[in-house]
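1. here is my input, please return the structure:
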Amino acid sequence: DKYIENCKDLKKSVYDGYGTPTRHLLDWMRSHVDMKEKRILVVGSEVPWVEAISLHLGAAHVVTLEYGKINNLHPQISTTTPDEFRKLYLSGELGLFDVVVSYSSVEHSGLGRYGDALNPWGDLLAIAKVRCVTKESGYLVLAVPVGADYQDGIQFNAHRIYGKLRYPLLTANWLQIDAKDHLLQQGGGQPPFLFQKITIGMA
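-> Residues are numbered from 1 along each chain as shown. Down below sits the predicted model:
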């Protein structure tokens, strides 16, 4: 509830840990994604500020996927670990999501920083997996570190930096639908991008 209240105060960051970019993400999501009455999956979130943004924008329910167990008491938020998530999917109990949101998370996948197994394709697999649980024509809000002038890199074992080579691999089978909003950007930071799940028959 603290972070939801922060969403309402235009003078505050939603979460001080990331500062001003959290307010920018809120404003960007408000103008780009319809969250009202939607079921949302948040990938990688130790502090529920992305969940708070989602609920503030009208989401019906949020599921958080995180490596570690989270003590959650909010009735509109459910939390799950990768192992629990996998079991729910295989049993058919997980269901599908309207929108997937990931901020500063998948760039760590497969590097072992958070106790996960080393896997050079960990980030690509993470996004491929959430595509499987996204509704047809559903959306992905993705914010990862982007290299200056869109140059790729890695700072092992902290995180990857995405550019012209790896970002297209990360978002394979997703269609970017906010490209016009980024025409003048020169890279750097963690700007949010909006993608839609590509389905049969889509261009």
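2. so which residues of the chain form strands?
-> For the chain, applying DSSP state E gives strands covering 39-43, 61-65, 77-80, 97-103, 134-143, 153-155, 159-161, 174-176, 193-197.
3. identify the residues contacting the residue nearest to Thr80 when sequence neighbours are not counted.
-> Nearest residue to Thr80, sequence neighbours excluded (CB to CB, 6 or more residues apart in numbering): Leu65, at 5.8 Å. For the C-beta atoms, the positions are set from N, CA and C on the backbone; glycine is no exception. Residues in contact with Leu65 (CB atoms under 8 Å, 6 or more residues apart in numbering) are Leu41, Val42, Val43, Gly44, Thr80, Thr81, Pro82, Phe85.
4. got a markdown table for those, with pLDDT, neighbour count and distance to Leu170 too?
-> Shown next, in a markdown table, are these (pLDDT from 0 to 100; neighbours: other CB atoms under 10 Å; distance: CB to CB, whole Å):
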| residue | pLDDT | neighbour count | distance to Leu170 |
| --- | --- | --- | --- |
| Leu41 | 98 | 25 | 17 |
| Val42 | 98 | 27 | 17 |
| Val43 | 98 | 23 | 12 |
| Gly44 | 93 | 20 | 14 |
| Thr80 | 96 | 18 | 22 |
| Thr81 | 94 | 15 | 22 |
| Pro82 | 93 | 14 | 18 |
| Phe85 | 97 | 19 | 20 |
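5. ok, so of those, who is nearest Gly17?
-> Among the contacts of Leu65, Gly44 lies closest to Gly17 (CB to CB), at 13.4 Å.
6. for the chain, which spans come out with low pLDDT?
-> Within the chain, the ranges that satisfy pLDDT under 70 run 183-184, 200-203.
7. contacting residues around the closest residue to Val146 other than its chain neighbours?
-> Excluding the flanking residues, the one nearest Val146 by CB to CB, 6+ apart is Gly187, at 4.9 Å. Residues counted as contacts of Gly187 (CB under 8 Å, 6+ apart) are Val146, Gly147, Ala148, Asp149, Tyr150, Gln151, Gly163.
8. let me know the closest of the residues you listed to Pro120.
-> Gly163 (16.5 Å).
9. how near is the closest one to Gly122?
-> Applying CB to CB, to the nearest Å, the value for Gly163 to Gly122 is 18 Å.
10. in the protein, which helix is the longest?
-> helix 20-32 (DSSP state H).
11. now the angle from that one to strand 193-197?
-> On the basis of axes from the mean of the first three to the mean of the last three CA atoms, to 10 degrees, helix 20-32 is oriented at 40 degrees to strand 193-197.
12. okay, buried residues for helix 20-32 please.
-> By 16 or more other CB atoms under 10 Å, the buried positions in helix 20-32 come out as Pro21, Thr22, Arg23, His24, Leu25, Leu26, Trp28, Met29.
13. cool, stretch 4-22 as well?
-> Residues Ile4, Asn6, Cys7, Ser13, Val14, Tyr15, Tyr18, Pro21, Thr22 are the ones in stretch 4-22 that count as buried (16+ other CB under 10 Å).
14. ends of it, what's the gap?
-> Criterion CA to CA, to the nearest Å; first-to-last residue distance in stretch 4-22 is 12 Å.
15. quick one, what contacts Ala117?
-> Gly110.
16. many thanks, we can stop here.
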